[in-house]
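> Just need the structure, nothing else, for what follows:
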Amino acid sequence: MKKNSSTKEGVAAIVEKYGGVGLLASALGTDMSGGLRQSKVLRMRELFGSNKLKEAEMKSFLSFFLEAFEDPTLLILVGAAVLSLGFGFAMNKPEEKLQGAAIVGAILLVSVVGAVQEYSRES
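Model (predicted):
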């Protein structure tokens with residue numbers, strides 16, 4: 001990997017500011033050949049905590065499924081399904097009921113597929 005001039009300038013600035021790598025290491029309380037002493041490590045852990053990332057809580061499949069309904073397109077489809085089913089039952093038209101049911105099926109299919117993808121990506 002080729003270093004660019006800004007990286008070289010940054011390294012030069014650090015060397016100039018701290019007097020080189022050796023002086024920087026001693027300012028940080030470490031030994032270039034041996035690393036940190038155990039007492040220093042324990043003191044740093046007490047002061048700053050352990051150097052570990054917290055594991056993120058795994059979301060449930062249901063949460064991914066419900067997040068799918070934040071998509072405006074799905075919300076429009078939900079509205080269309082409600083209207084179609086409402087007209088179908090109010091006017092007793094089987095074709096409207098069928099269209100509404102088909103829209104609900106499409107909504108469920110898209111939501112489940114999206115939730116499966118997100119859930120598998122997280123795990």
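> tell me which helix or strand of the chain sits lowest on mean pLDDT?
helix 5-18 (a mean of 75; mean pLDDT, DSSP states H and E).
> tell me how far that one is from the chain's mean position?
Here helix 5-18 is found 34 Å from its chain centre; the criterion is C-alpha atoms, centre = their mean, to the nearest Å.
> List the buried residues of that helix.
Residues of helix 5-18 classed as buried: none (neighbour count, 16 or more other C-beta atoms under 10 Å). Heads up, the C-betas are built off the backbone N, CA and C, glycines and all.
> Contacts for the helix or strand hosting K40, please.
If you go by DSSP states H and E, K40 is part of helix 38-48. With contacts defined as C-beta atoms under 8 Å, 6 or more residues apart in numbering, helix 38-48 is touched by G29, T30, L36, N51.
> Between the residues you listed, which sits nearest E9?
Nearest to E9 among these: T30, at 25.2 Å, using C-beta to C-beta.
> so that closest one makes contact with L36?
Yes. Using C-beta atoms under 8 Å, T30 is in contact with L36, at 5.1 Å.
> residues in contact with F69?
F69 sits in contact with L75, V78, S111, where contact means C-beta under 8 Å, 6+ apart.
> Can you tell me which of these are buried?
Buried among those by 16+ other C-beta under 10 Å: S111.
> ok, of the contacts of F69, which one's closest to G88?
G88 has its nearest neighbour among the contacts of F69 in V78, at 15.5 Å by C-beta to C-beta.
> pLDDT wise, what is the closest one at?
If you check V78, the pLDDT there is 96.
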